[in-house]
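> Have a look; sequence and predicted model below, questions after that.
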Amino acid sequence: MKQFDQLTEVEIIGRILKGEIQLYELIVRRFNPFLYKIGRSYNYNHEDTQDLMQDTYVDAFKNLSQFEQRANFKTWIIRIMLNNCYRKKQKASFKNENLQENINENLIPMFNNANNDAERQIHSRELGYVIERSLSELPEEYRLVFSLREINSLSISETATVLDISEANVKVRLSRAKKMLRSKLEKTYSACELFEFNLIYCNAIVENVMREINEL
């Protein structure tokens with residue numbers, strides 16, 4: 001599969017739709033770290049998160065022909081994951097928020113992941129359990145915005161699209177989440193250490209997803 005690593009998502013999807021189903025493995029491996037962090041940030045445990053990831057990949061595969069190739073694939077598949085999380089928890093989404101707050105219009109991620117290769121950063125060090133616990137205690141609307149913006153490095157616009165809220169709401173929630181977490185998070189840990197998805201689990205997800213889509 002390494003010879004296909006340079007293909008874009010649009011190119012991969014085009015080839016899958018023409019019959020090269022085995023290339024879907026590239027999609028699964030490429031987006032495992034993102035989807036895992038979403039599920040964990042939604043306060044699902046490791047096992048439930050893996051189940052949600054598998055459901056998400058199968059749902060995405062079934063709807064590949066509907067993927068708008070002008071859209072951002074990452075936001076598209078993350079939205080499918082979030083929709084599965086929403087349905088599982090049967091919670092209403094947060095649509096309205098008080099915007100009367102001092103906000104820096106030039107918000108940038110607390111952690112700069114621009115040069116991080118998610119799989120390259122996978123390590124054997126134990127997860128920052130204290131940080132995970134702190135994040136899990138945040139109200140859901142702040143936790144999800146923090147995860148998308150800070151851990152998965154989505155832009156404000158992409159985060160707004162994924163959560164179906166305004167960019168102003170993204171900025172409010174991110175500002176509040178940072179106030180809750182900044183002092184603790186900046187002491188020791190970097191974003192890539194939060195909810196890391198080990199390659200051992202990555203391989204299992206790939207095998208399960210590919211087996212399921214080959215049975216469709």
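Okay, I see it.
> looking at this protein, which helix or strand does the model trust least?
Least confident helix or strand of the chain, by mean pLDDT, DSSP states H and E, is helix 129-136 with a mean of 73.
> helix or strand right after that helix?
helix 140-146 (DSSP states H and E).
> what does that following helix rub up against?
Residues outside helix 140-146 that contact it (CB atoms under 8 Å, 6 or more residues apart in numbering): 38, 41-43, 82, 91, 94, 97, 135-136, 138, 159, 163, 170, 173-174, 176-178, 180-181. In short, each C-beta sits where N, CA and C put it, glycine included.
> switch to 6 Å and redo it
Residues outside helix 140-146 that contact it (CB atoms under 6 Å, 6 or more residues apart in numbering): 41, 94, 135, 170, 173, 174, 176, 177.
> and that helix, how far from the chain's centre?
12 Å (CA atoms, centre = their mean, to the nearest Å).
> helices or strands next to the helix or strand following it in the packing?
Sequence order places helix 156-163 as the next helix or strand after helix 140-146, per DSSP H and E. On a contact count with 3 or more CB pairs under 6 Å, 6 or more residues apart in numbering; DSSP states H and E, helix 156-163 meets helix 73-89, helix 167-188.
> The last one - what's its average pLDDT?
Averaging pLDDT along helix 167-188 yields 80.
> Please apply the same query to stretch 57-70.
Mean predicted confidence for stretch 57-70 is 87.
> Equivalent analysis for stretch 29-45, please.
The model assigns stretch 29-45 a mean pLDDT of 90.
> Tell me the buried residues in it?
Residues of stretch 29-45 classed as buried: 29-44 (neighbour count, 16 or more other CB atoms under 10 Å).
> In strands only, show me the residues you listed.
Among those, no member is found in strands (DSSP state E).
> got the contact list for the residue most central in space within the chain?
Central residue of the chain (CA atoms, centre = their mean): residue 34, 3.4 Å from the mean position. Residues near residue 34 by CB under 6 Å, 6+ apart: residue 152.
> again, 7 Å this time
74, 78, 152 (CB atoms under 7 Å, 6 or more residues apart in numbering).
> and the closest residue to the second one other than its chain neighbours, how far is that from residue 46?
Setting aside the residues directly before and after it, residue 78 is nearest to residue 162 in space (CB to CB, 6 or more residues apart in numbering), at 5.2 Å. Separation of residue 162 from residue 46 (CB to CB, to the nearest Å): 22 Å.
> what about these two, which has more around it?
Taking other CB atoms under 10 Å, residue 162 and residue 46 do not tie; residue 162 has more neighbours (24 against 13).
> What residues does the closest residue to residue 158 other than its chain neighbours make contact with?
Spatial nearest neighbour of residue 158, chain neighbours left out: residue 75 (5.0 Å); criterion: CB to CB, 6+ apart. Residue 75 makes contact with 154, 158, 161, 162, according to CB under 7 Å, 6+ apart.
> again, 6 Å this time
Neighbours of residue 75 in contact, by CB under 6 Å, 6+ apart: 158, 161, 162.
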